[in-house]
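Participant: Provided below are the primary sequence and the corresponding predicted coordinates.
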Amino acid sequence: MKKLFSLLFVLIFLLFDSTLLVSATDRFTNHSVEIVVEEDGLYTFNHVIDVDFDTPSQGIYVRIPQVYNLSFTMEDGTVVNRVYHFPVSDISRLNQQTLIWSSYEDVRIRIGTEGEYFTGKRRYTYSYTVRTRDLDLDGKQLFYFSIIGDEWELPVDRVEFKILFPKDVSSFTKEFYSGAYGSLVNNNVNYTVEGNVIFGTVETGLREYEALTIWMPVSDDFFSYPKIFDYTTYSTLYAVLFTVIAGLLYIRFGKNGLLVETVEFNPPAGYSSSQVGYIYDGVVDDKDIVSLIIEWASKGYLTIEELDENTIRLNKISEIDPKAIDAEKTLFYDLFHGRDSVTTKELEHSFYTSVNAAKVSITRHFRENRDNRIYRKTEDKLKILLSILVITITVFHSCAIIYNEGFFAHQAFKFSLEYSLIGIVPVGFIIFFIFYSKNRTLHKNDVIALKIIPLMFAIMHTVFQFLIFFTNERVLMNLMVMASYLISLYIISIMRNKLTDKGMELQGKVLGLRTFIQLAEKDKLEMLVHDDPEYFYKILPYAYVLNVTDIWSKKFESITIQPPNWYVGSGHFNNSIFIRSLSSSMYQMISTMSSMPPSKVGRGGGGFGSGSGGFGGGGRW
């Protein structure tokens, strides 16, 4: 990027000055530099350049670096490499038209009036300030700077400089180097020291691309740099505070209070088995829909007839209760669709659309009607907001680290956004999950996957961030921020919509029924069967959606119950045989009712044929 910028700058200047390739007589006759050094590390540069051009030109351009790569040999002989960013500001010029380009690496100034060419002598005056910082050399301080840089493409006949320091510098060792980059020549620099001022000249001048540099170790208290506030302290506190707030919001909005599980012998009045399945886990799946077949059969709406191992026939006996919700009435109508009976083979590859529509409709029945709502809706908005904001944890922290290193806010923010791009992936998954599941239901495995995947990407993002900044001295802060990010994202991913008061009541009843099915004693069951001979079959579809069918059936192995008049199987009736047969039938119905037609794969015109184009080779045109 830096090379591209430099190339563009040269091209722009070539347009500005078509005669940039100057003749041998084009030169700077004098380059005068005055540097005012403040105790806080602020340097003010004042340049006066006298030029004498034989080639018609429009002006001069200047490049002032802002990034410095320096090497130092410490007292113990070790060599340390440092990269510093010293921002340039307060650029001014005297009675000249100027264009300024600024980037993280440097500032470029073009002085002169476009379209006005001149030859002969002219003077250019400009000034600017450079904000330096402690060089971080184990407490040692040093004044080490180029008075004139090594990128001037014209020779200068004479150089004069004046450096004003805030304190007396007469006792310090001073070394001046002139020449090409890396030169240690210092025998052509004449200078004098008067207290806090150094005057000097280079009477022999400098050739093209030669520099003049001063190296002067000073006392450890010579500069009093402003104390740099460590912005990573703020970013770390922000990360921890965000996690705490996310946790409190989870407790307040994303976690249910104490659920009172009541003692229940029957399902909640007025709720079908599919609705109880939703109340139980917040999801309507294929099992919940197919459980309605058993419930409708136990209520006398249809009979179930086992024709063979792979075929079940459903016979319509009467219409469904008109008080049933619309989703269930529509499903019952689609099941028979003007027929008195239907087999599973007839439903295969076609009935899945009705099953999927019923799952969506039952979900909407609870979500979109305020009176029926089991879960609050405000948590979705909160989850989306937190998902968007959680990325700011890594953005702010990486921005603070980069800013502390270079004091360049724009570039720090830009780099921090780039480093945090991977963090968009887990956030995107969470938001996608919220919207995708809004009016549809997901398999439990899908729900788990959509929670695990964002956490996996979050861990990758955390490792990526740590590898970038692990050399930073603030390792503990980095670890705290990364931990806060992961914990916050985990809290957001497990945050679910909180139950309404009605939802708390209904879920307490549903869990109470499930507990009863698991722990019911034989005497109690015999009494319930005595009062209601159909009790076993009435509870069966609810046991099915609550995943306790096997427990329910085993409890009736030694209890005498009458065979159902709505189920026709093969062989003599027996509780265990009936349950196994019914379970097989339910599995068969789930498999066929929710089965989709196989995808059609074929060949046709178009596609990725052979030939020219694409990302292949090239040629002339």
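Facilitator: The structure has been received and is ready for your questions.
Participant: contacts, neighbours, all on C-alpha from now
Facilitator: Will do.
Participant: Flag every buried residue along stretch 295-315.
Facilitator: By 16 or more other C-alpha atoms under 10 Å, the buried positions in stretch 295-315 come out as 295-306, 311-315.
Participant: In helices, which of those appear?
Facilitator: 295-298 (DSSP state H).
Participant: For Leu511, state which of the residues you listed is nearest.
Facilitator: Using C-alpha to C-alpha, Glu295 comes nearest to Leu511 of those, at 19.3 Å.
Participant: Next one: the closest residue to that closest one other than its chain neighbours from Val283, what distance?
Facilitator: Distance criterion C-alpha to C-alpha, 6 or more residues apart in numbering; nearest residue to Glu295, sequence neighbours excluded, is Pro541 at 5.8 Å. Distance of Pro541 to Val283, given as C-alpha to C-alpha, to the nearest Å: 16 Å.
Participant: out of these two, which sits in the busier spot?
Facilitator: For Pro541 versus Val283, neighbours defined as other C-alpha atoms under 10 Å are more numerous around Pro541 (27 against 23).
Participant: my read: the more buried one touches Ile289, true?
Facilitator: No: using C-alpha atoms under 8 Å, Pro541 is not in contact with Ile289; the gap is 10.2 Å.
Participant: okay but Ser273 is in contact with Ile294, surely?
Facilitator: No: contact criterion C-alpha under 8 Å: Ser273 and Ile294 do not qualify, at 9.3 Å.
Participant: what is in contact with these two at once?
Facilitator: In terms of C-alpha atoms under 8 Å, 6 or more residues apart in numbering, Ser273 and Ile294 are both contacted by the residues Pro541.
Participant: between those two, which one's more packed in?
Facilitator: Ser273 (29 against 26).
Participant: Does the nearest residue to the more buried one once chain neighbours are set aside lie in a helix or a strand, and which?
Facilitator: Nearest non-adjacent residue to Ser273, counting by C-alpha to C-alpha, 6+ apart: Tyr542, 5.1 Å away. Assigned by DSSP states H and E, Tyr542 belongs to helix 535-545.
Participant: downstream neighbour of that helix in the secondary structure list?
Facilitator: helix 549-554.
Participant: How far off centre is that next one?
Facilitator: Between the centre of helix 549-554 and the centre of its chain there are 47 Å (C-alpha atoms, centre = their mean, to the nearest Å).
Participant: start at 88 instead
Facilitator: Taking 88 as the first residue, the last one we looked at is helix 636-641.
Participant: for the following helix or strand past that helix, what is the average pLDDT?
Facilitator: Later in the chain than helix 636-641, the nearest helix or strand by DSSP H and E is strand 654-655. Strand 654-655 comes out with an average pLDDT of 80.
Participant: Now do the strands for the stretch 238-387 of the chain: every range, in order, please.
Facilitator: 246-251, 262-266, 277-281, 284-289, 298-305 (DSSP state E, counting those that start in this stretch).
Participant: Using CSV, lay out those together with mean neighbour count, distance to Thr349 and mean pLDDT.
Facilitator: Shown next, in CSV, are those (neighbours: other C-alpha atoms under 10 Å; distance: least, C-alpha to C-alpha, whole Å; pLDDT from 0 to 100):
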stretch, mean neighbour count, distance to Thr349, mean pLDDT
strand 246-251, 20, 86, 95
strand 262-266, 20, 89, 86
strand 277-281, 13, 94, 93
strand 284-289, 18, 90, 93
strand 298-305, 18, 81, 91
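Participant: Turn those strands into TSV, columns for distance to Ser670.
Facilitator: TSV is the format used below for the strands of the stretch 238-387 of the chain (distance: least, C-alpha to C-alpha, whole Å):
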stretch	distance to Ser670
strand 246-251	95
strand 262-266	93
strand 277-281	102
strand 284-289	99
strand 298-305	89
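Participant: Which strand runs longest in this structure?
Facilitator: The single longest strand within the chain, with elements called by DSSP state E, is strand 129-144.
Participant: Run through the neighbouring helices and strands of that strand.
Facilitator: When contacts are defined as 3 or more C-alpha pairs under 8 Å, 6 or more residues apart in numbering; DSSP states H and E, strand 129-144 packs onto strand 114-124, strand 205-218.
Participant: Surely Val175 and Thr219 touch.
Facilitator: No: Val175 is beyond contact range of Thr219, at 9.4 Å (criterion: C-alpha under 8 Å).
Participant: ok, those two, which is more surrounded?
Facilitator: Applying other C-alpha under 10 Å to Val175 and Thr219 shows that Val175 carries more neighbours, namely 20 against 17.
Participant: Show the contacting residues for the closest residue to that one other than its chain neighbours.
Facilitator: Nearest non-adjacent residue to Val175, counting by C-alpha to C-alpha, 6+ apart: Val217, 4.7 Å away. Applying C-alpha under 8 Å, 6+ apart, one finds that Val217 lies in contact with 129-132, 173-176.
Participant: Turn those residues into CSV, including distance to Asp237 and pLDDT.
Facilitator: As requested, those are exported to CSV (distance: C-alpha to C-alpha, whole Å; pLDDT from 0 to 100):
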residue, distance to Asp237, pLDDT
Leu129, 22, 93
Tyr130, 19, 95
Thr131, 19, 95
Phe132, 16, 95
Phe173, 18, 86
Pro174, 19, 85
Val175, 18, 89
Ser176, 21, 87
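Participant: Can I get those in JSON lines including distance to Phe230?
Facilitator: Formatted as JSON lines, these follow (distance: C-alpha to C-alpha, whole Å):
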{"residue": "Leu129", "distance to Phe230": "12"}
{"residue": "Tyr130", "distance to Phe230": "11"}
{"residue": "Thr131", "distance to Phe230": "14"}
{"residue": "Phe132", "distance to Phe230": "15"}
{"residue": "Phe173", "distance to Phe230": "14"}
{"residue": "Pro174", "distance to Phe230": "17"}
{"residue": "Val175", "distance to Phe230": "17"}
{"residue": "Ser176", "distance to Phe230": "20"}
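Participant: Among those, name the buried ones.
Facilitator: 129-132, 173-175.
Participant: Looking at those residues, which is nearest Ser265?
Facilitator: Phe132 (18.7 Å).
Participant: Next, count neighbours for Asn652.
Facilitator: 11.
Participant: now it, nearest residue through space, not along the chain?
Facilitator: Using C-alpha to C-alpha, 6+ apart and skipping residues adjacent in sequence, the residue nearest Asn652 is Thr390, 7.9 Å away.
Participant: try Ala267
Facilitator: Glu297 (4.4 Å).
Participant: what's that neighbour in contact with, if anything?
Facilitator: 236-239, 265-268.
Participant: Distance-wise, check it relative to Trp239.
Facilitator: The gap separating Glu297 from Trp239 is 7 Å, by C-alpha to C-alpha.
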